[in-house]
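Asks: coords please:
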Amino acid sequence: MNTAIIGSGNVAWHLGKALQQARHKIVAVYSPTQSHREELAEELASAMALDSLDMRNIDAELLLIAVPDAALQSVAAQLHVPQNAVVVHTSGSQPLAALQGIAGAQTGVFYPLQTFSKSKPVDFKNIPILLEATAPETLHSLQLVANSISEQVYEVSSTKRKQLHLAAVFACNFTNHLLGISRELLQQADLPNTLLQPLIQETIAKAMQQHPFDVQTGPAVRHDQNVIEEHLQRLQDQPLYQQVYQLLTQSIQVQHPKE
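Replies: You can find the predicted model right below:
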């Protein structure tokens with residue numbers, strides 16, 4: 001499908017390249033920042049760099065809105081599209097209804113469930129793509145596009161997608177933040193970051209194979225109060241990290257009461 005991309009961040013960057021590799025033609029890229037739209041348009045060789053959300057004269061069948069959640073409603077309110085074009089957003093937390101005011105458009109959601117960074121290549125074939133649409137024919141069109149870049153395509157409602165997005169924040173964002181804290185603690189002791197890599201890999205591998213609660217280890221699940229108190233003492237100069245430690249310990253112990 002001839003596709004226009006609205007946005008120039010990580011999702012737009014990777015999704016645009018994946019669609020181009022699957023032989024979809026990226027005809028236009030919009031971003032309010034000139035350097036950003038020109039950079040992405042150059043990466044997607046056939047794309048025009050646009051400075052306007054009036055796309056009525058653009059030969060696009062599919063318009064992908066890949067902008068931050070806070071900007072979605074503003075973009076949708078300003079957007080003018082070709083008649084009968086399919087307009088989708090890529091947000092995990094915003095409902096399908098966020099696009100309902102776009103005149104003359106069929107609307108949907110095209111949410112790739114992955115963490116993206118421009119500098120880190122991804123294999124889209126392994127990335128789940130969650131779809132939703134206002135009409136069966138629109139859903140079918142989105143399924144064809146999604147299946148051309150991914151082997152994992154699912155129809156998921158706005159309500160379930162919100163719950164999925166919440167779960168993803170715990171699994172990805174919070175886990176990544178905790179790994180950042182652990183790296184800081186190593187650096188404070190002048191220890192190499194590589195020491196934790198085998199432990200992290202084994203932890204994730206076990207959590208993928210079994211229910212994570214069933215393979216929980218550590219002082220919290222053992223209710224080893226002596227070790228817990230020692231750890232809290234070591235964090236006395238970092239009260240925020242101390243609070244995180246206490247809250248996670250409490251959560252683990254609620255799942256694993258002392259026998």
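
Asks: For Leu240, which residues are in contact?
Replies: Remark: with contacts taken as CB atoms under 8 Å, 6 or more residues apart in numbering, Leu240 is in contact with nothing. For glycine as for every other residue, the C-beta is placed from the backbone atoms N, C-alpha and C.

Asks: Enumerate the positions of the helix or strand encompassing Asn226 that are buried.
Replies: Here Asn226 sits within helix 225-234, counting by DSSP states H and E. Buried residues in helix 225-234, counted by 16 or more other CB atoms under 10 Å: Ile228, His231.

Asks: May I have that helix as PDB, with CA atoms only?
Replies: Provided in PDB are the C-alpha atoms of helix 225-234 (Å, rounded to 0.1, in the frame of the first residue of the first chain):
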ATOM      1  CA  GLN A 225      15.200 -10.200  57.300                       C
ATOM      2  CA  ASN A 226      18.900 -10.000  58.200                       C
ATOM      3  CA  VAL A 227      20.000  -9.700  54.600                       C
ATOM      4  CA  ILE A 228      17.000  -7.300  53.800                       C
ATOM      5  CA  GLU A 229      18.000  -5.000  56.600                       C
ATOM      6  CA  GLU A 230      21.600  -5.000  55.500                       C
ATOM      7  CA  HIS A 231      20.600  -4.100  52.000                       C
ATOM      8  CA  LEU A 232      18.400  -1.300  53.200                       C
ATOM      9  CA  GLN A 233      21.300   0.000  55.300                       C
ATOM     10  CA  ARG A 234      23.500   0.100  52.200                       C
END
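
Asks: pLDDT on it, on average?
Replies: Per-region confidence: helix 225-234 scores 97 on mean pLDDT.

Asks: And stretch 141-149, by the same measure?
Replies: Rounded to a whole number, the mean pLDDT of stretch 141-149 is 97.

Asks: Next: stretch 203-214.
Replies: The average of the pLDDT scores along stretch 203-214 is 96.

Asks: quick one: contacts for Asn147?
Replies: Each residue near Asn147 by CB under 8 Å, 6+ apart is listed here: Val153.

Asks: Would you mark the buried spots in the longest helix anywhere in the chain?
Replies: If each helix of the chain is counted by residues according to DSSP state H, the longest one is helix 239-255. Neighbour counts using 16+ other CB under 10 Å place Tyr241, Gln242, Val244, Tyr245, Thr249, Ile252 of helix 239-255 among the buried residues.

Asks: Then stretch 55-75?
Replies: In stretch 55-75, counting by 16+ other CB under 10 Å, buried: Met55, Ile58, Ala60, Glu61, Leu62, Leu63, Leu64, Ile65, Ala66, Val67, Leu72, Val75.
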